[in-house]
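> Got a sequence here, can you model it:
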Amino acid sequence: MTLLISALAPVIFVFLFIYYMDKYEKEPIRLLLANFFLGAIVSIIITTLLYVIIDIPLPLRDHTSIFEQFIKAFFVVGLTEEFSKYIVLRYYAQPHKEFNEPFDGIVYAVMISMGFAATENIMYVYQGGLETALVRAFTAVPAHATFAILMGYYVGKAKFSNNRFVLNLCGLFLAAFFHGAYDFFLFIDFIPGIWVGAFISLFIGIILARKAIIRHQIDSHFNVPVESGDDNIQI
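This is a model prediction of the structure:
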């Protein structure tokens with residue numbers, strides 16, 4: 001039970017944080033949980049199947065090859081995992097009537113990603129114990145949330161744009177790029193000190209994610225001025 005709680009605690013924290021940041025029109029809890037569990041089950045299944053399929057024509061066995069680790073990080077892991085989340089976001093969450101402002105793209109993307117991270121975290125923590133739980137609470141889980149915010153920002157814009165196809169793909173590939181960059185520097189840990197690159201890329205992603213949240217909060221359809229006397233007060 002201790003391992004389960006330690007695996008889920010950072011996921012729940014991110015879940016609640018994004019729910020709190022949705023200032024103007026909260027999404028229904030039932031829909032948030034539906035996206036969470038779709039991420040935890042459907043996205044994991046899609047990822048697993050894609051890993052098996054990709055491994056047939058593209059077996060990557062040389063762990064000391066920078067080129068192979070680049071392909072693995074950006075195209076096998078990064079693109080595959082983000083694509084599996086994108087499928088749920090694009091075809092389940094985005095068409096929903098409750099998806100009615102750009103910030104909802106961030107909310108639902110994070111819910112899906114946290115579902116994915118919960119399943120992944122449980123597997124890793126049961127294998128590695130409390131130390132693994134602590135490390136992943138400050139690395140892998142925030143990373144998944146960051147990639148989701150970047151994807152959700154563009155998917156949220158796409159919902160209310162005539163250029164939906166391009167914006168949706170921008171979200172997918174931006175998330176995959178930062179995911180790939182984060183993993184790449186961890187995969188080539190045979191080069192001393194190179195792992196620092198993973199945290200630099202994550203730090204840049206967090207800065208961009210913060211800006212994305214603020215931008216969509218400002219642009220919310222429900223963020224309207226309220227008259228107070230002769231002045232307009234922005235809420």
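
> Leu172: neighbouring residues, count only.
Leu172 sits with 22 neighbouring residues when counted by other Cβ atoms under 10 Å. Where C-beta positions appear, they are placed from N, C-alpha and C, glycine not excepted.

> and what of Ser65?
By the measure other Cβ under 10 Å, the count of residues near Ser65 is 13.

> what do you get for Ile218?
Ile218 has 11 neighbouring residues, counting by other Cβ under 10 Å.

> Look up how far Ile29 lies from it.
25 Å (Cβ to Cβ, to the nearest Å).

> Ile106 too?
17 Å.

> quick one: which of the two has more around it?
Neighbour count, other Cβ under 10 Å: between Ile106 and Ile29, Ile106 has more, with 28 against 9.

> the helices in the protein, which residues?
2-21, 29-38, 44-55, 66-71, 79-88, 103-128, 130-137, 140-159, 164-187, 196-218 (DSSP state H).

> Most tightly packed of these?
helix 140-159 (a mean of 26; mean count of other Cβ atoms under 10 Å).

> elements contacting it?
Under the contact definition 3 or more Cβ pairs under 8 Å, 6 or more residues apart in numbering; DSSP states H and E, helix 140-159 sits against helix 2-21, helix 79-88, helix 103-128, helix 164-187, helix 196-218.

> Excluding chain neighbours, what is closest to the residue nearest the centre of the chain?
The centroid of the chain falls nearest to Ala148 when counting by Cα atoms, centre = their mean (2.2 Å). Distances taken as Cβ to Cβ, 6 or more residues apart in numbering put Ser113 closest to Ala148, at 3.5 Å, once the chain neighbours are dropped.
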